[in-house]
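In: kindly generate the corresponding structure for this input.
(2 chains)
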Amino acid sequence: MTRALMACKCLAILVFLGLITGCWDRKEMDDLALIMASGFDITDDGQIEVTLQIALPTGIPSAVQTGGSGKKSVVVLSAKGSSASEAAGRLQQQLSRILYFGHRGVIVFGEEYARHGLNQVLDAFSRLPESRYNGYVVTSYGSTAKEILNQPYQLELIPSIGINKMQSSKMGFSVKIDQFLDALSSQGRSPVTSAIRILHKDSDKETFSIDRAAVYLGNKLSGFLEPDELKLLRWWIGETQQVKFTIQLEPEEADYKGTLGVELLQSGIKIRTAVKNPIPEVWVSFHALVRAIDNDTKLDLSSSNIMKRVETQLSKQIQTEIESMLVHVQKNLKSDIFGIGEEIHIEHPYAWKKIRSKWTDIYPLVPVTVDVNIDIERTGKTQTPVHIKKTD
Amino acid sequence: MKMKLTGIQVFWMIMIMDLGMTLVMTLTPSLQAAKQDAWLSIIVAGCIALLVALLATQAAHLYPGQTLIEYSQKILGTWLGKAVIVIYLVQWYTIIPIVLRQFSDLVQIKLLQGTPKEAILLLMVLLIVYATHGGIEGIGRCSEFLGPIILFMVCLALVASTNNIHWKNILPVYADSGMMGIMGGALAPASYLGHSVEYLMFASFMSQPRKGAPYAFGAVMTATFFVVITTMMVIFTIGVNLTPSMWYPFFEMTQKISLFGFIDNFDAVPVVIWIASVFIKLSVYLFIASYGTAQFLHVRNWRSMLWFIAPVIFVFALIPQNVTEATTHYLNHYWVPFVLPVNMIILPLLLVIVGKWRQPNRSTPAS
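Out: Below you'll find the model as predicted:
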């Protein structure tokens, strides 16, 4: 009896050992094709073209060797199909390793595809178990996603790691895939992504730059924000590292251009909304503490009178910039990228219930009043520019 | 001969049964019904669960040292008592396969997509049979050990998510969902937080049966507190536009965690929480089911029931076709409309009222 019991126990242990190894899902590094970035384009006949940037096993940067070495470190493959998964399936047939999306850090939407509407591929981002939300979404500007992913980049071995670092450094505008999906599924906000373009095309200095934002209406790209407008968008959403403004303070002279550059230190906005009649009203007040970073005038920034004048002029000029950006976004692109609808939802939840279904039609008509208040907190180490000849 | 449980062990057992499953399984129905007010729903659910705990402890303390199987027949008479027991047996025999299946579904969806579910199920069934074979005392000790780990892991996931917070996600409070939405959202978590009803069964194993009530209340309150905080965190971090269509929002929240640029993908943390709580919950239920069945059928050795129940639950767990059947249908068609009102509130209430009414008539209180 005891012997039978012992045998049972041993058998149970063996079964356990066999089961807990999880061998069915064994994935060796050697069997995986690590996808660093994927891109989506549309072809002329309406098919989807998927481009994958796959890290070459030998090209993965080690601690010793970083930076471009001229050696190829990625493979870029493209395939067409009626859906993204079909195209990915075709790519899989060209590979000896299993496609693995767990490390994908960048998703590129081709401009033309984005204008056409993105629904076909979006679902897979949240449905696939191994797909994570920490990847960044960028939209290509003036090129296809395929061109972007085929673009070599000097500073990093793997170009998409370059894109990923540019996005995660917070020096520019960045949107993660979950933020994008969140805005897309929200009634009171339109999605926006950063936009990437290729610089110095057809020369040997080709590289990319992320200096614009792609504005969506629903799941369709409706237009781009220029670099100047992007700064204001970043101020609005509170990502204000490295946001700088240069304003014309005095008329241009022979020696001086009359400009002053400032950088945002602390900033914020306050939004108030009112719903009296069917069309809501919105007031936005921008405030910021800035520091002067370059002074190309003869002005002495230590004098409080001059400071006041500078501050007023600064506020006024930025106010006009914001107003013109609002006209562009609100009247031309018609996308609520600032989440004004969400603000109305929060402040007037009951009124919002009545207007939310018509929000895309109402939004372009909403009057937005802008008010800017800027204080200079620091002026750097100097008062007047030090190289100015003292006259007295 | 009797196995003994301490108050602290009871606290951890109920806490784990309530916390882990509620966190993982019931946030979605709440978020669907109440959107950003889901945390209010959880508070309401916590109050319902406290009521359940109150009724269960009151009923169990009428006849300390006896299990539900014994005292329900004493209180309600043989036939009515037996009917009540059958209702509970149905609950126990269905919840075990469903939880097993939910466990294997989640493991397959999130972790091991290639592994056949039979293997995952078999592993868990063997494990809980082993744990249950040791008796309730062993399960109590396991809970005592795993409970603090689970709480620590929940706190870890919450703290690590703090840099993803968007405060505005929780606004506007109340206006959108209203009373109906909040109440509707409270049902699913209430039915999961109401697992303290099983106190009816295991109160008899406590070394001091009459002193168990504070531990049961404490467990329900602790679990509710953590579920409320976690729900708020999920709303703060992911928002209510996406969460209602996710199966496991708590998991998604931990996947978003990214600290200092190199601590990424906290997936392992909720897996620990989940597996540990499923293990405790299944063991407790398996114990209750086998012990209860044995008493009900007057089988002398309750352990022999295990060899019958284990294959049955394994086969039953294979029946649901997909996640929707295992999770949503069971929850919406049996657990919320039937178990929550009948097994968790009406029957314990009946036991308390009839028991209290009959007790003064007896010359000596049973103890």
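In: going forward, measure contacts and count neighbours with C-alpha atoms only.
Out: Noted.
In: pull the helix or strand with minimum mean pLDDT from the chain.
Out: Since no chain was named, I'll use chain A. helix A:119-127 (a mean of 74; mean pLDDT, DSSP states H and E).
In: that's the wrong chain, I meant chain B
Out: Counting by mean pLDDT, DSSP H and E, chain B has strand B:263-264 as its least confident element, at a mean of 70.
In: for residue 335, phi and psi?
Out: This is for chain A. Here is the backbone geometry of residue A:335 (degrees, to the nearest 10): phi -110, psi 140.
In: wait, chain B
Out: According to degrees, to the nearest 10, residue B:335 has phi -70, psi -50.
In: excluding its backbone neighbours, what's nearest it?
Out: Excluding its sequence neighbours, the residue lying closest to residue B:335 (CA to CA, 6 or more residues apart in numbering or on different chains) is residue B:191, at 6.9 Å.
In: the stretch 151-300 of chain A: helices as residue ranges?
Out: A:159-168, A:177-185, A:227-237 (DSSP state H, counting those that start in this stretch).
In: CA-only coordinates of the second one in PDB, if you can.
Out: I take that to be helix A:177-185. Extracted in PDB, the C-alpha atoms of helix A:177-185 (Å, rounded to 0.1, in the frame of the first residue of the first chain):
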ATOM      1  CA  ILE A 177      -0.300  54.200 -28.700                       C
ATOM      2  CA  ASP A 178      -2.700  54.100 -25.800                       C
ATOM      3  CA  GLN A 179      -3.100  57.900 -25.700                       C
ATOM      4  CA  PHE A 180      -3.800  57.800 -29.400                       C
ATOM      5  CA  LEU A 181      -6.500  55.100 -28.900                       C
ATOM      6  CA  ASP A 182      -7.900  56.900 -25.900                       C
ATOM      7  CA  ALA A 183      -8.400  60.100 -27.900                       C
ATOM      8  CA  LEU A 184      -9.800  58.200 -30.800                       C
ATOM      9  CA  SER A 185     -12.400  56.600 -28.600                       C
END
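In: so where does the closest residue in space to residue A:233 that isn't next to it in sequence fall, helix or strand?
Out: Take residue A:233 and drop its neighbours on the chain: the residue closest to it by CA to CA, 6+ apart is residue A:338, 7.7 Å away. For residue A:338, there is no host helix or strand (DSSP states H and E).
In: OK, contacts around residue A:338?
Out: A:189, A:190, A:233, A:236, A:237 (CA atoms under 8 Å, 6 or more residues apart in numbering or on different chains).
In: need the contact list for residue B:39.
Out: Listed by CA under 8 Å, 6+ apart, the contact set of residue B:39 reads B:228, B:229, B:231, B:232.
In: wait, is it part of a strand?
Out: No: assessed with DSSP: H, G, I helix; E, B strand; the rest coil, residue B:39 is helix; it does not lie in a strand.
In: okay, buried residues for stretch A:76-95 please.
Out: Within stretch A:76-95, the residues that qualify as buried are A:76, A:77, A:78, A:79, A:80, A:81, A:84, A:86, A:87, A:88, A:90, A:91, counting by 16 or more other CA atoms under 10 Å in any protein chain shown.
In: now, which of those lie within strands?
Out: Judged by DSSP state E, strands contain the following of these: A:76, A:77, A:78, A:79, A:80, A:81.
In: now the residue nearest to the last one when sequence neighbours are not counted: how far from residue B:213?
Out: Using CA to CA, 6+ apart and skipping the chain neighbours, the partner closest in space to residue A:81 is residue A:87 (4.4 Å). Taken as CA to CA, to the nearest Å, the spacing of residue A:87 relative to residue B:213 amounts to 61 Å.
In: next one: residue B:329
Out: Computed as CA to CA, the residue B:329 to residue B:213 distance reads 33 Å.
In: which of these two has more residues huddled nearby?
Out: Ranked by neighbour count (other CA atoms under 10 Å in any protein chain shown), residue B:329 and residue B:213 place residue B:213 first, with 22 against 13.
In: the more buried one reaches residue B:57, doesn't it?
Out: Yes: in this structure, residue B:213 is within contact of residue B:57 by CA atoms under 8 Å, at 5.6 Å.
In: closest residue of the stretch 251-367 of chain B to chain A?
Out: Here the stretch 251-367 of chain B gets closest to chain A at one residue, residue B:256, 6.2 Å apart by CA to the nearest CA.
In: isn't residue A:186 right up against residue B:241?
Out: Yes: the pair residue A:186 and residue B:241 qualifies as a contact (CA under 8 Å) at a distance of 5.7 Å.
In: shared neighbours, the two?
Out: Joint contacts of residue A:186 and residue B:241 (CA under 8 Å, 6+ apart) do not exist.
In: need the nearest residue in space to residue B:41, chain neighbours excluded.
Out: Distances taken as CA to CA, 6+ apart place residue B:186 nearest to residue B:41, at 4.4 Å, with adjacent residues excluded.
In: what's the neighbour count on the one you found?
Out: Residue B:186 has 29 neighbouring residues, counting by other CA under 10 Å.
In: mind listing the strands for the stretch 251-367 of chain B?
Out: Residue ranges of the strands in the stretch 251-367 of chain B, as given by DSSP state E, counting those that start in this stretch, are B:258-259, B:263-264.
In: do chain A as well
Out: Counting by DSSP E, chain A has strands at residues A:32-42, A:48-55, A:74-81, A:98-100, A:106-109, A:136-140, A:192-199, A:207-217, A:220-225, A:244-248, A:259-274, A:281-295, A:368-378.
In: kindly reformat those strands as CSV containing mean pLDDT.
Out: Listed next are the strands of chain A as CSV, based on pLDDT from 0 to 100:
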stretch, mean pLDDT
strand A:32-42, 88
strand A:48-55, 88
strand A:74-81, 88
strand A:98-100, 84
strand A:106-109, 90
strand A:136-140, 91
strand A:192-199, 89
strand A:207-217, 88
strand A:220-225, 89
strand A:244-248, 83
strand A:259-274, 85
strand A:281-295, 86
strand A:368-378, 86
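In: highest mean neighbour count out of those strands?
Out: strand A:136-140 (a mean of 29; mean count of other CA atoms under 10 Å in any protein chain shown).
In: hmm, it in reach of chain B?
Out: No: for a cut-off given as CA under 8 Å from any CA of the partner chain, strand A:136-140 has no contacts with chain B; the smallest distance is 12.4 Å.
In: tell me what that strand is packed against?
Out: strand A:106-109, helix A:111-116, helix A:177-185, strand A:192-199 (3 or more CA pairs under 8 Å, 6 or more residues apart in numbering or on different chains; DSSP states H and E).
In: among these, which comes closest to chain B?
Out: Taking CA to the nearest CA, helix A:177-185 is the member of the helices and strands packed on strand A:136-140 nearest to chain B, at 5.7 Å.
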